[in-house]
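Visitor: Build the 3D model from these lines:
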Amino acid sequence: MRCDLVAAKWKLTALVLSVLLSSPPSLAQTSQPADADDWRPSSLNQPGRQYPQVTSDGRVRTSISAPQAQKVELDIGAVKYPLTKGENGVWTGGESKPQDEGFHYYQIWIDGAAVPDPGSLYFYGAGRWGSGVECPAKDQDFYALKEVPHGQIRQNLYYSKVNKTTRRCFVYTPPDYDKDVTVRYPVLYLQHGGGEDETGWPNQGKTNLIMDNLIAEGKAKPFIIVMDNGTWSMGGRPPARGQGGTWPPAGWAEGFQKTLLEDIIPYIDANYRTLADQPHRAMAGLSMGGMQTRAITLANTQTFSHIGIFSGGSISPADIENAPGFKEKVKLVFVGYGSRELESRGGGRGGFGGDPKANVEALKQAGINSVFYVSSNTAHEWQSWRRSLHEFAQLLFKDGGRSPSSPAAAVAEPAGKFVLRVDCGAFAPYKDKLGNVWAADQELEAGKTWGAVYGSTLDREGVGITGTDIPRIYETERYSVEAYKFTVPNGKYTVRLHFAEAFDGITGPGERVFSVSVPGQAVLKDLDLFKTVGFLKPLVKEYKGVPVENGQLVIGFTPNVENPQICGIEILAE
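Guide: Sure, this is the predicted structure:
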């Protein structure tokens, strides 16, 4: 996507933000003793094509039939290399200098016209479909196709109410996604760079192979990855960088932000088995996508808990001062760059929010889990971003990173069945003595897969609950509640309801009486906690084999005397 990968005369629109982020040509170190002479077809060639070819030290050459042409050149790394015409009208050569390891866009110039190489597969970058070549990398094993369980890249078409058009996204689901339909997964929203589209990460980025290998090695938790089109536009023509005004222009990310929050995330949560809450939702992106990630996550700390910025700036202490709840809610900030990017920019200063390494260190000092990663001997290019994803993925959705005051929802350990424990009335999650995590309470709202219908909450910490190893659960309650509704996979569940009368206004039997309904079970009629167990004593009602056939589990409450209340709910797949 770097503009230096195409000819200088190639003009991208002002909307291709990567032009503004481009770095000098990514030529590999030239201090090697001699050029390798081990030419072989690129791994990205069309089936059966012998050209383009690469060497182990990253040199590239190609061949094309153009009998009427007067001049043919290979254009890679912002440098043109002449090809030699043979007697049969086939032009061959254009041997380039060594390129950095990994993927590179390139094109062929024929008598002044830039065209794709018919020998290569095509990739969308720099605002058009063009050629790509893969230079061997010392660490290419982490994205190699191996004999391991493989996930899927699924194409999704959906209607966008925000844009009033049909859009497309690609979704990676981990290897066991279809084997156990009771398991729900965290989600990473992963964005491409300027001049690219939603095909960038699945094709150039090799996202699925990176994740398949990490999961097989036990280095990453399985999670879903959503790759959508973040191309942006604004009315009128905003000033180019260095021509007055600010860059990017104010509000530049708001269009995609609205699409992401109102269309993409609700669609994914409705159509995939996600853990649809902030602790289990991440966002990352490269270049322009990293800048979008920065802008969107800073403005929506209630939505994203893990942040990855690859060659797209960084987050400074000043940024988090203007982002309420950032320190409490965000579990990880990851910033990655290619080493050549930092060298060419004097350590990353002079834009993109300041020195990225210094900003990461400052966030660490502020108590925020932050990581700075440098890809060795790469520039503003895909090998930097493949490596960044590889490192970032290993840090995502680790329980140890949870802030004690951040909200949490369902916890699904690797390969575990659906489990949800709710501490009704609580504003923060709670981990009991057995290691079970109880989610903070929430009301049912758009985009959420579970929550309470009406009601108010109370926390009577230290009230004196006895007769239980988990008194904290019974110190909080939701009262005046009509129902709790849960979206869960179809199947059978064990449901446990936890109650305790802790309101000092209830002084005897008959002063609070209500009924509770659970699907497929006899109604719990006229429950009177004071009469049944007494004041400040816990009561647990367990229901086995609760059926769910339409994806919905509803627990209903009906008042008789005073308002219904509940302290905790457990929903466990059988």
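Visitor: What residues does the closest residue to His192 other than its chain neighbours make contact with?
Guide: Of all residues not flanking His192 in the chain, Gly200 sits nearest, at 3.6 Å (Cβ to Cβ, 6 or more residues apart in numbering). (Glycine included, C-beta is placed from N, CA and C.) Counting by Cβ atoms under 8 Å, 6 or more residues apart in numbering, Gly200 makes contact with 1, 123-125, 192-193, 227.
Visitor: same deal with Ala299?
Guide: Counting by Cβ under 8 Å, 6+ apart, Ala299 has contacts 257, 323.
Visitor: and the gap between it and Gln257?
Guide: Going from Ala299 to Gln257 by Cβ to Cβ, to the nearest Å gives 7 Å.
Visitor: Ala318: which element?
Guide: Using DSSP states H and E, Ala318 sits in helix 317-321.
Visitor: Give me the helices and strands touching that helix, please.
Guide: helix 288-299, helix 356-365 (3 or more Cβ pairs under 8 Å, 6 or more residues apart in numbering; DSSP states H and E).
Visitor: could you pull out the helices for the stretch 101-250 of the chain?
Guide: Here the stretch 101-250 of the chain has its helices, by DSSP state H, counting those that start in this stretch, at 200-203, 207-216.
Visitor: and if you look at the stretch 451-574 of the chain?
Guide: Per DSSP H, counting those that start in this stretch, the stretch 451-574 of the chain carries helices over the ranges 471-475, 529-532.
Visitor: what's near enough to touch the residue most central in space within the chain?
Guide: By Cα atoms, centre = their mean, the chain has its centre lying nearest to Leu188, at 1.8 Å. The contact partners of Leu188, by Cβ under 8 Å, 6+ apart, come to 223-226, 282-284, 306, 393, 396.
Visitor: Most neighbours of all the residues you listed, which one?
Guide: Ala284 (30 neighbours; other Cβ atoms under 10 Å).
Visitor: what kind of secondary structure is that residue in?
Guide: Under DSSP: H, G, I helix; E, B strand; the rest coil, Ala284 falls in the strand class.
Visitor: Skip the chain neighbours and tell me the closest residue to it.
Guide: Nearest residue to Ala284 in three dimensions, chain neighbours excluded: Gly308, at 2.9 Å (Cβ to Cβ, 6+ apart).
Visitor: Following the chain past the worst-scoring helix or strand of the chain on mean pLDDT, name the next helix or strand.
Guide: When the helices and strands of the chain are scored by mean pLDDT, DSSP states H and E, helix 18-21 comes last with a mean of 36. Following helix 18-21 in sequence order, the next helix or strand is strand 40-41 (DSSP H and E).
Visitor: For that next one, the averaged confidence score.
Guide: On average, the pLDDT along strand 40-41 is 98.
Visitor: Only alpha carbons, please: show stretch 480-499 as PDB.
Guide: The C-alpha atoms that make up stretch 480-499 are tabulated as PDB, following Å, rounded to 0.1, in the frame of the first residue of the first chain:
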ATOM      1  CA  SER A 480     -38.400  -4.100  40.800                       C
ATOM      2  CA  VAL A 481     -37.100  -6.200  37.900                       C
ATOM      3  CA  GLU A 482     -39.500  -7.600  35.300                       C
ATOM      4  CA  ALA A 483     -37.200 -10.100  33.600                       C
ATOM      5  CA  TYR A 484     -33.600 -11.100  32.600                       C
ATOM      6  CA  LYS A 485     -33.200 -12.000  29.000                       C
ATOM      7  CA  PHE A 486     -30.300 -14.000  27.600                       C
ATOM      8  CA  THR A 487     -29.300 -14.900  24.000                       C
ATOM      9  CA  VAL A 488     -27.700 -18.300  24.200                       C
ATOM     10  CA  PRO A 489     -27.000 -21.300  21.900                       C
ATOM     11  CA  ASN A 490     -29.900 -23.800  21.700                       C
ATOM     12  CA  GLY A 491     -29.600 -26.700  24.100                       C
ATOM     13  CA  LYS A 492     -30.200 -27.500  27.700                       C
ATOM     14  CA  TYR A 493     -28.900 -25.600  30.700                       C
ATOM     15  CA  THR A 494     -28.600 -25.600  34.400                       C
ATOM     16  CA  VAL A 495     -30.000 -22.400  35.900                       C
ATOM     17  CA  ARG A 496     -29.300 -21.300  39.400                       C
ATOM     18  CA  LEU A 497     -31.000 -18.300  41.000                       C
ATOM     19  CA  HIS A 498     -29.500 -16.700  44.100                       C
ATOM     20  CA  PHE A 499     -31.600 -14.700  46.600                       C
END
